[in-house]
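Engineer: Dropping a prediction and its sequence here:
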Amino acid sequence: MAGEILGVGTQTLDSPVLAGGLTNSSIATTTARPYSLATMDVDTGLKYEAINRKLQIESTLDSVFVDLGADVVFTGKKVSIPDAIVVTISSEKGARTQVMPIENPLAGPGRGGTDEPQQGYERQRTLEYMKIYYNEYSNGVLGETFGVNYNDFQILNYYAGEQPALSKWFKEDLDKQYHEAALETYSWVLEKTGTSLTQTYNSNVYVANTEYANQPTYSDTPATFRTNMNTAFDAADTGTNGVNANIDLDFLLGLSYYAENEKRIKPVSIGGQPSYVVLLPAPQYHKLLQTNSGQLGEVWTKVTALSDEEQKFSGIVGRVMNLVLIKDPRYPTIECTADYGNNTHSVIYAEPGNYDLRNKTVYNVSSNAAWDVGFLLGAGAIIDWLVTPLHFGMEQTEYGKKYGKAAFAERGVQLGNVYDTDTASNLNRKNFGSMALLFTASTVIATA
């Protein structure tokens, strides 16, 4: 009726047509009123999205890797690796392998004075390349929506723990992937079908109680490199239970010089000074404390004397010269055959969920040739190519009684190796970002 004022939602709609042309027969056509999420058939979808967001937040790794991280967006053009230990690269979806050009900094002297013209002495800018990979991985849990088993567990709020359990698993597994990349070039995800890469040791290995000239010589043949490592191990394990290949001040002083001058590891800026982050295996950290009042003396800078930037790092225990020391409870171990009878090595990492088979028994060359592994990390040590962040999915069976709830991601964690050419062969591989540090497995109860 003309001039009549109609109440909101009082009239009959022509049909239950929703935005985008979709229809939902459960929505009444006689009134425009607020509907529940269930009535609109979107409660499940919106709950998925909420879980998805929470999953990404809770799965952020709370460790020194994240504290020293930086993000790079790769568009196919040249990039400069930032001053960060872990470089997280994001890109559009595409091939699972990319060759990323990296611009070298300008080097060498300039021109000066009135008799050195610039014209004719211009420098050519140069590029190197990094080959990066990603693959997919996931984990999931099983649940039920009704039935006797469901009722028994529901009163314990059992099913509410699914998402936190997945979050914790991804967090701990990512930490393992970072350790794997630092020691064996690629994480376990990149070994799987799709990329099928082969893990091989970090080319920079520094063995305790070993002169610079006697450090293991790198070989692009993995078996040969392991043999060279065994030779260094066998010579280093002097003293009772190989005690001379434990950590001490001399080791740290020698490492500081070796990383900076022999291996030319690129430092990062921490507390306003060029620095390296050293992840110390927890037993070696405690071994270091046993001599704190003697050998370390004045070169040891305690945490309370460090800058605010340094103090925020998880596990930090102090600084020695240009080395920022971090206690690493998730350090890997390497177990060799008795008396180094062959070049077989067993590398073991701390798995998610406290599944821990690492060899923590005190070193004995004849019965337990086990080595603790630490790391020295500089700029661009680890590359984390994140293509698709964690996302959530659900699968149902048996008429909806049982379901699987899983999280998926597409990423690749690897060592920050660079190459002189875009053919990433072992022959031109260079590593200016990290070193693996080897110590004989130590006791923390008493000096061995």
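Structural biologist: Received it, and whenever you're ready, just let me know what you need.
Engineer: give me the number of residues near Asn241?
Structural biologist: Asn241 has 18 neighbours, counted by other Cβ atoms under 10 Å. The C-beta positions use only the backbone N, C-alpha and C, and glycine is treated the same way.
Engineer: looking at this, it is in a strand?
Structural biologist: No - under DSSP: H, G, I helix; E, B strand; the rest coil, Asn241 sits outside any strand and is assigned helix.
Engineer: That one reaches Val362, doesn't it?
Structural biologist: Yes - Asn241 is within contact range of Val362, at 5.2 Å (criterion: Cβ atoms under 8 Å).
Engineer: Quick check, central residue of this protein?
Structural biologist: Tyr178 (2.7 Å; Cα atoms, centre = their mean).
Engineer: Thought Leu415 was touching that residue, still the case?
Structural biologist: No - at 10.3 Å, Tyr178 and Leu415 do not qualify as touching, with contact defined as Cβ under 8 Å.
Engineer: Can you classify Tyr129 by secondary structure?
Structural biologist: Going by three-state DSSP, the secondary structure assigned to Tyr129 is strand.
Engineer: What does the pLDDT read for it?
Structural biologist: On pLDDT, Tyr129 comes in at 79.
Engineer: From the structure, what's the count of residues near it?
Structural biologist: Neighbour tally, Tyr129, other Cβ under 10 Å: 18.
Engineer: got the contact list for Thr440?
Structural biologist: Ala208, Ala236, Asp237, Asn241, Gly242, Val243, Ala245, Asn246, Tyr363, Ala370, Trp371, Asp372 (Cβ atoms under 8 Å, 6 or more residues apart in numbering).
Engineer: Provide a list of residues in contact with the closest residue to it other than its chain neighbours.
Structural biologist: In space, and not counting its chain neighbours, Thr440 is closest to Gly242: 3.5 Å by Cβ to Cβ, 6 or more residues apart in numbering. By Cβ under 8 Å, 6+ apart, Gly242 lies in contact with Ala236, Tyr363, Asn364, Val365, Thr440, Ala441, Ala448.
Engineer: Just list the residues touching the second one, thanks.
Structural biologist: I take that to be Tyr363. With Cβ under 8 Å, 6+ apart, Tyr363 has these contacts: Asp237, Asn241, Gly242, Ala245, Ala369, Ala370, Trp371, Thr440, Ala441, Ser442.
Engineer: measure it to Ala165 for me?
Structural biologist: Separation of Tyr363 from Ala165 (Cβ to Cβ, to the nearest Å): 36 Å.
Engineer: Could you list the low-pLDDT ranges of the stretch 151-300 of the chain?
Structural biologist: Within the stretch 151-300 of the chain, the ranges that satisfy pLDDT under 70 run 153, 155-156, 290-300.
Engineer: Got the phi and psi for Asn261?
Structural biologist: Dihedral pair for Asn261: phi -110, psi -30, per degrees, to the nearest 10.
Engineer: same thing with Asp175?
Structural biologist: phi -60, psi -40.
Engineer: right, and it touches Pro329 too?
Structural biologist: No - using Cβ under 8 Å, Asp175 is not in contact with Pro329; the gap is 10.3 Å.
Engineer: anything in contact with each of those two?
Structural biologist: Joint contacts of Asp175 and Pro329 (Cβ under 8 Å, 6+ apart) are Ala350.
Engineer: Give me the more crowded residue out of these two.
Structural biologist: Neighbours per residue, other Cβ under 10 Å: of Asp175 and Pro329, the larger number sits with Asp175, 20 against 10.
Engineer: For Arg226, see how far away that one is.
Structural biologist: For Asp175, the distance to Arg226 equals 25 Å [Cβ to Cβ].
Engineer: Next: Gly110.
Structural biologist: 45 Å.
Engineer: okay, those two: which has more neighbours?
Structural biologist: More neighbours surround Arg226 than the other of Gly110 and Arg226, with 22 against 9 (other Cβ under 10 Å).
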